[in-house]
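Visitor: let me see the structure of the following:
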Amino acid sequence: AAKILREGYRCTRRGRVPAHRNREGAVRAFRRNHRSRPPILLQAQVPPGVSTTPHKDGIKLETKQLAPRYLSTDVRAHTTSPYSSSTLPVPYLPSARAASVF
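Guide: Below you'll find the model as predicted:
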């Protein structure tokens, strides 16, 4: 996560950045493929000029990279239940561990 926060997120195998509109959905998406590792979530702001497209139960950001200025840590990612009902107005990237970073 530190490298992504420092250098930004760049897709290497995807054409769009996977994201979710809330923490709980991001945790569920991560756990579909990574059941044994705890999620590390990054909060993302959608940059100007980048659109979003619904995808499965999440969204895709129509860009291949996000600059570091649009990313921040989610300090509550390890302590929030994936079943709580809070929603936030900004998308969440899936776990940094699942990201394809340069």
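
Visitor: run through the neighbouring helices and strands of the top helix by length along the chain.
Guide: Ordering each helix of the chain by length in residues (DSSP state H) puts helix 23-33 first. Applying 3 or more C-beta pairs under 8 Å, 6 or more residues apart in numbering; DSSP states H and E, we find helix 23-33 packed against strand 58-61, strand 92-93. The way it works is simple: take the backbone N, C-alpha and C, and place the C-beta from them, glycine included.

Visitor: next helix or strand past the longest one?
Guide: Next helix or strand after strand 58-61 toward the C-terminus (DSSP states H and E): strand 65-66.

Visitor: which residues touch that next one?
Guide: With contact meaning C-beta atoms under 8 Å, 6 or more residues apart in numbering, strand 65-66 is reached by Gly8, Tyr9, Arg10, Cys11, Val17, Ala44, Pro47, Leu93.

Visitor: in the helix or strand that comes right after it, what's buried?
Guide: Once the chain leaves strand 65-66, the next helix or strand it forms, by DSSP H and E, is strand 71-73. Applying a neighbour-count criterion of 16 or more other C-beta atoms under 10 Å, one finds Leu71 buried in strand 71-73.

Visitor: now stretch 3-18
Guide: Neighbour-count burial for stretch 3-18 flags Ile4, Gly8, Tyr9, Arg10, Cys11, Arg16, Val17, Pro18 (criterion: 16+ other C-beta under 10 Å).

Visitor: returning to that earlier point: may I have the longest helix of the chain as CSV, with CA atoms only?
Guide: Taking Å, rounded to 0.1, in the frame of the first residue of the first chain, the C-alpha atoms of helix 23-33 are listed here in CSV:
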residue,chain,number,x,y,z
ARG,A,23,-16.0,0.0,2.3
GLU,A,24,-18.2,-3.1,2.8
GLY,A,25,-18.5,-3.8,-0.9
ALA,A,26,-14.7,-3.5,-1.3
VAL,A,27,-14.1,-5.9,1.5
ARG,A,28,-16.6,-8.4,0.0
ALA,A,29,-14.9,-8.1,-3.4
PHE,A,30,-11.5,-8.7,-1.9
ARG,A,31,-12.6,-11.7,0.1
ARG,A,32,-14.0,-13.4,-2.9
ASN,A,33,-10.5,-14.2,-4.1
